[in-house]
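Structure, please.
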Amino acid sequence: MSGAVRILLVEDDLDIANALIPALRRYGLMVTHVRTAADALAADPGDLVLLDLGLPDGDGINVCRQIRTVSDVPVIAVTARGEAADRVRGLRSGADDYVVKPFAISELLARIDAVLRRTGLLQPRPRVTVGDLTVDIEARTVQVAEKPISLTRKEFDVLAVLAAHHGRVVPREQVALYAWQSVFEASSRTMDVHVASLRAKLGRPELVQTIRGVGYRLGSD
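Residues are numbered from 1 along each chain as shown. Predicted structure coming up:
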């Protein structure tokens, strides 16, 4: 899609909202914030809704159901309700994903990215060139100095998500969701092993940069 992704944040807790809004905007997202169920239903949902399920004037589950009657906009439920039954209820109401408080901002950003990609709202650049490295995401091919490089499926997936965000830091959680479909791999040595192997095969270790405590970036500087 063209232009910045528009997020409707439905959160009555100002402390949480004030922490989320600048983080989302730093990630390049446009954010509209409302605090009540009534305001959520009256607002433009934008491209994705981050919906707190515990609102002062109504149940967020009902808000999600009402949104679903008029729109197929992606919804991520953001809530303190962590029991399995609550997760199932939220997903059955029409939510596309479910994040339990407290959560890391990087995990939320990874889930936003994953939902937008699943729904086709965020398309990766089909071909990315960094120095003499060329990554064709659609064809799943890699070349260095015009010579093809053979990667495993996971190695390519790691490189692809970095290439899709070329020049930007990609949180480990986002890499994990893209390559392993699970945030649990974010703290695993498995990812470190795949990144080390990827660097060795590319022969350009400086291109895949580690941002300590955050994630990785594909860049030439």
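
What segments of the chain are strands?
6-10, 30-34, 48-52, 54-55, 58-59, 75-79, 97-100, 127-130, 133-136, 141-144, 147-148, 170-171, 208-211, 215-218 (DSSP state E).

Please point out which parts of the lowest-mean-pLDDT helix or strand in the chain sit buried.
None of the helices or strands of the chain scores lower by mean pLDDT, DSSP states H and E than helix 84-92, at a mean of 79. For helix 84-92, a neighbour-count test (16 or more other Cβ atoms under 10 Å) marks 86-87, 89-90 as buried. For the C-beta atoms, the positions are set from N, CA and C on the backbone; glycine is no exception.

Let's have the strands of the chain in CSV, adding mean neighbour count, mean pLDDT and distance to Leu108.
Listed next are the strands of the chain as CSV, based on neighbours: other Cβ atoms under 10 Å; pLDDT from 0 to 100; distance: least, Cβ to Cβ, whole Å:
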stretch, mean neighbour count, mean pLDDT, distance to Leu108
strand 6-10, 23, 96, 11
strand 30-34, 17, 95, 12
strand 48-52, 24, 95, 8
strand 54-55, 18, 90, 17
strand 58-59, 14, 88, 22
strand 75-79, 25, 90, 7
strand 97-100, 18, 90, 6
strand 127-130, 16, 88, 25
strand 133-136, 21, 93, 26
strand 141-144, 17, 95, 30
strand 147-148, 10, 96, 37
strand 170-171, 24, 86, 10
strand 208-211, 15, 93, 18
strand 215-218, 22, 92, 14
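
Same list (those) but as CSV, adding distance to Arg199.
Listed next are those as CSV, based on distance: least, Cβ to Cβ, whole Å:
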stretch, distance to Arg199
strand 6-10, 34
strand 30-34, 35
strand 48-52, 33
strand 54-55, 44
strand 58-59, 49
strand 75-79, 33
strand 97-100, 31
strand 127-130, 13
strand 133-136, 11
strand 141-144, 12
strand 147-148, 16
strand 170-171, 15
strand 208-211, 5
strand 215-218, 10
